[in-house]
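Novice: give me a model of this one.
(2 chains)
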Amino acid sequence: MTLRLHNTLTATKDVFEPVAAGQVGMYTCGPTVWNYAHAGNLRAFLVYDLVRRHLQVSGYDVTHVMNLTDIDDRILDQAMHAGVTIGDYVKPYVAAFFEDMGALRAQPATHYPRATEHIPEMVEMISELIENQHAYIADGDVYFRIASFPTYGALSHLDRAGLRAGARIAQGGRGLGSAEPVPGGASSRIRQDKYDKESVSDFALWKKAQPDDEKLGAAWDAPFGRGRPGWHIECSAMSKRYLGVTLDIHAGGVDLMFPHHENEIAQSEAANHKQFARFWLHSEHLADATGEKMSKSAGGFTTLRDLTDAGHDPVAVRFFLLASAHYRTRLRLSTESLHAAAEQVRRLREFADRVQRSTPSDVDDGDLLRRIGEVRTGYREALDDDLNLPQGVGLVFELAREANAAMDSGRVGERSRDALLLLVDDFDAHLDIVRSEEPGLAQEVARLIAEREAARKGRDFGRADQIREELREKGIALEDSKEGVRWRRVR
RNA sequence: GGCGACGUAGCCAAGUGGCAAGGCAGAGGUCUGCAAAACCUCCAUCCCCAGUUCGAUUCUGGGCGUCGCCUCCA
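Specialist: Numbers count the residues shown, from 1 in each chain, chains lettered A, B, ... in the order given. Reported below is the predicted structural model:
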């Protein structure tokens, strides 16, 4: 069995092999923590989770790095409005991001580097680029010289002649020189860095500190002047720090392909003289109800909180985002689809539960045993074929029906039951929906409730509230009532 | 304007040169004290037109439609 992944670089499904046997270094573009992540962002993050899980299933030891962009124009603007430093501004959104990922059962990444905590690495890389003529200083800003990197555009398959034309102008959209306001009030800042570039397509590595930046805690010293990093450099610098110069896999949403990933390649390869990433994976957009890409400016902006407030189980959201469509096809968010996902989750859980509890009959049905084997193989092959989870899940449902019928008529013996349990493990390795409660959770909750009751009796309300808060973070809500303390899952 | 993707049942969606997975919703049934769960049955000439082929939903060309990217974006 061979894992094949669609590689944007080659535009084909290529057999995956890491540089070092058995070990995979994967870098994925994480959130810009200027707001809550929306469902489209979450889809991308869950796709990373799927890639990572399947690599693990395939026997690889995965080092997964996901950055947190905690400095960018939007953050600066918002922090300014709020009158706080960017560090303070970002804090609740970082927390919300981790809460969301937990609720969606994404495995934690190995490292979550933050841009503001890796300024030295970025400064070093920028210095290197200036030194070897791939970057230049212009009025305190530092720009990457695209003309110095002939293969620019290879990933997104855009040719440089087309880019230079500033193509949007032809459409009457916002041209490069236009100062037309951008939704969100970011216009003044976005206008700032457009002077003295050798070429319009050159992008900023470093932006000269503005007076406001100092107040916001967004300025750092560097040999080429005080300022702050441009957006792209963080990924190049941080991936190198944690994974070395060549990544096995770099993943992100399609909208990052150009210019972000293209710029990363240019920076990294110009600085390191080594291939930056061997496999580029891009997940498709989530569309809103109207069929258009979900984004803040378009208005269709749904967060996980919105969905859970509307009564959707985060695990159903996970299933919807991951299993209802292949990661490279557009998926449309709708109440009906979420409901369908919830039903599928319920059925799979019900099935897993039934298998676990069933008492094997005396004889095994040979046909059933063979079918289970077929489906396990087919499932594995579907995932190996560029992570086709929807297809794999289809096979599982087909078998679940057959197996349920077999259990109805007592035709599931010991061997079949064991095989079914393995199948459940197979699909849950990716879906992670079966385990509805962590083992021992009820006992643990009961213990904590007892401890909290003792604390309350002793009027140690600080401790009592601490326990309640801890449980709340794990998704357990406590309710004190006359009949005693009740607890329930809230996500 | 340039580049690219997609169009499969009421909805979501997988897929293949040879009888079109799966899920949701719907209809009927089995089981059940009733219900739930589970199971059974039913529910698609794969956007249109040409071409290649013994055979096309799948390949090629054209059309129509939807969407994405072209320096804010997962």
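Novice: going forward, measure contacts between C-alpha atoms and count neighbours the same way
Specialist: Fine.
Novice: which part of the stretch 101-250 of chain A gets nearest to RNA strand B, residue-wise?
Specialist: Nearest residue of the stretch 101-250 of chain A to RNA strand B, counting by C-alpha to the nearest atom of the strand: residue A:201, 2.3 Å away.
Novice: does residue A:369 touch residue A:419 like I think?
Specialist: Yes: taking contacts as C-alpha atoms under 8 Å, residue A:369 lies within contact range of residue A:419: 7.5 Å.
Novice: and for the residue lying closest to residue A:395 once chain neighbours are set aside, the neighbour number?
Specialist: Nearest non-adjacent residue to residue A:395, counting by C-alpha to C-alpha, 6 or more residues apart in numbering: residue A:375, 6.2 Å away. Residues within reach of residue A:375, counting by other C-alpha atoms under 10 Å, total 20.
Novice: number of residues surrounding the residue nearest to residue A:123 when sequence neighbours are not counted?
Specialist: Nearest non-adjacent residue to residue A:123, counting by C-alpha to C-alpha, 6+ apart: residue A:222, 6.5 Å away. Residue A:222: 17 surrounding residues under other C-alpha under 10 Å.
Novice: any idea how far residue A:264 is from residue A:222?
Specialist: Remark: distance between residue A:222 and residue A:264 (C-alpha to C-alpha, to the nearest Å) = 20 Å.
Novice: got a list of what the residue in the stretch 1-150 of chain A that RNA strand B sits nearest to touches?
Specialist: Closest contact between the stretch 1-150 of chain A and RNA strand B, by C-alpha to the nearest atom of the strand, is at residue A:40 (3.4 Å). Residue A:40 makes contact with A:285, A:286, A:287, A:294, A:295, according to C-alpha atoms under 8 Å, 6 or more residues apart in numbering.
Novice: wait, the last one sits on residue A:285?
Specialist: Looking back up the chat, that one is residue A:295. No: using C-alpha under 8 Å, residue A:295 is not in contact with residue A:285; the gap is 9.7 Å.
Novice: strands of the stretch 251-400 of chain A, start to end?
Specialist: All strands of the stretch 251-400 of chain A, identified by DSSP state E, counting those that start in this stretch, fall at A:277-283, A:286-287, A:331-332.
Novice: would CSV of the ones you listed with mean neighbour count and distance to residue A:136 be doable?
Specialist: Formatted as CSV, the strands of the stretch 251-400 of chain A follow (neighbours: other C-alpha atoms under 10 Å; distance: least, C-alpha to C-alpha, whole Å):
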stretch, mean neighbour count, distance to residue A:136
strand A:277-283, 22, 25
strand A:286-287, 23, 38
strand A:331-332, 24, 42
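Novice: so which of those is nearest residue A:237?
Specialist: Closest approach to residue A:237 among these (C-alpha to C-alpha): strand A:277-283, 13.4 Å.
Novice: alpha carbons only: can I get that closest one in PDB?
Specialist: Only the C-alpha atoms of strand A:277-283 are listed here, as PDB (Å, rounded to 0.1, in the frame of the first residue of the first chain):
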ATOM      1  CA  ALA A 277       9.100  21.900   0.700                       C
ATOM      2  CA  ARG A 278       8.700  18.600  -1.200                       C
ATOM      3  CA  PHE A 279       4.900  18.300  -1.000                       C
ATOM      4  CA  TRP A 280       2.500  21.200  -1.100                       C
ATOM      5  CA  LEU A 281      -1.100  20.400  -0.100                       C
ATOM      6  CA  HIS A 282      -3.900  22.800  -0.500                       C
ATOM      7  CA  SER A 283      -7.300  22.400   0.900                       C
END
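Novice: in the sheet, who's paired with residue A:208?
Specialist: Beta-bridge partners for residue A:208, by DSSP bridges, are residue A:227.
Novice: contacts only, for it.
Specialist: Contacts for residue A:208 were tallied using C-alpha under 8 Å, 6+ apart; they are A:139, A:140, A:141, A:225, A:226, A:227, A:228.
Novice: one more: residue A:80?
Specialist: Residues near residue A:80 by C-alpha under 8 Å, 6+ apart: A:212, A:216.
Novice: so which helix or strand takes in it?
Specialist: Here residue A:80 is covered by helix A:73-82, with elements defined by DSSP states H and E.
Novice: and for the next helix or strand after that helix, what are the contacting residues?
Specialist: Using DSSP H and E, the helix or strand that directly follows helix A:73-82 along the chain is helix A:86-103. Helix A:86-103 is contacted from outside by A:31, A:33-37, A:70-71, A:75-76, A:78-79, A:82, A:107-108, A:216-218, A:304, A:314-315, A:473, A:475, A:491, using C-alpha under 8 Å, 6+ apart.
Novice: ok, which of those residues also contact RNA strand B?
Specialist: residue A:31 (C-alpha under 7 Å from any atom of the strand).
Novice: poorly predicted segments of chain A, please.
Specialist: Along chain A, the parts satisfying pLDDT under 70 run over A:1, A:160-195, A:296-300, A:436-443, A:473-491.
Novice: tell me how it divides into domains.
Specialist: Residue ranges for the domains of chain A, per automatic domain parsing: A:4-283, A:305-431, A:441-489.
Novice: gap between the longest one and the chain center?
Specialist: Shown here is domain A:4-283, whose average C-alpha point lies 14 Å from the average C-alpha point of the whole chain (C-alpha atoms, centre = their mean, to the nearest Å).
Novice: if we can go back for a sec, now list the buried members of the contacts of residue A:208.
Specialist: Buried by 16 or more other C-alpha atoms under 10 Å: A:141, A:225, A:226, A:227, A:228, out of those.
Novice: alongside RNA strand B, which residues does the stretch 351-491 of chain A contribute?
Specialist: Residues of the stretch 351-491 of chain A lying near RNA strand B by C-alpha under 7 Å from any atom of the strand: A:351, A:388, A:390-398, A:400-402, A:404-405, A:408.
Novice: ok so, going back, where does the residue of the stretch 1-150 of chain A closest to RNA strand B fall, secondary structure wise?
Specialist: Residue A:40 is part of helix A:39-57 when elements are defined by DSSP H and E.
Novice: got the CA positions of that helix in PDB?
Specialist: Once non-C-alpha atoms are left out, helix A:39-57 reads as follows in PDB (Å, rounded to 0.1, in the frame of the first residue of the first chain):
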ATOM      1  CA  ALA A  39     -15.600  27.500   9.700                       C
ATOM      2  CA  GLY A  40     -13.600  27.800   6.500                       C
ATOM      3  CA  ASN A  41     -10.400  28.300   8.600                       C
ATOM      4  CA  LEU A  42     -11.400  25.300  10.700                       C
ATOM      5  CA  ARG A  43     -11.800  23.100   7.600                       C
ATOM      6  CA  ALA A  44      -8.200  23.800   6.600                       C
ATOM      7  CA  PHE A  45      -7.000  23.000  10.100                       C
ATOM      8  CA  LEU A  46      -8.900  19.800  10.200                       C
ATOM      9  CA  VAL A  47      -7.500  18.800   6.900                       C
ATOM     10  CA  TYR A  48      -4.000  19.200   8.500                       C
ATOM     11  CA  ASP A  49      -5.300  16.900  11.200                       C
ATOM     12  CA  LEU A  50      -6.400  14.400   8.700                       C
ATOM     13  CA  VAL A  51      -3.100  14.400   6.900                       C
ATOM     14  CA  ARG A  52      -1.200  14.100  10.100                       C
ATOM     15  CA  ARG A  53      -3.400  11.200  11.400                       C
ATOM     16  CA  HIS A  54      -3.100   9.300   8.200                       C
ATOM     17  CA  LEU A  55       0.700   9.700   8.200                       C
ATOM     18  CA  GLN A  56       0.600   8.300  11.700                       C
ATOM     19  CA  VAL A  57      -1.600   5.400  10.600                       C
END
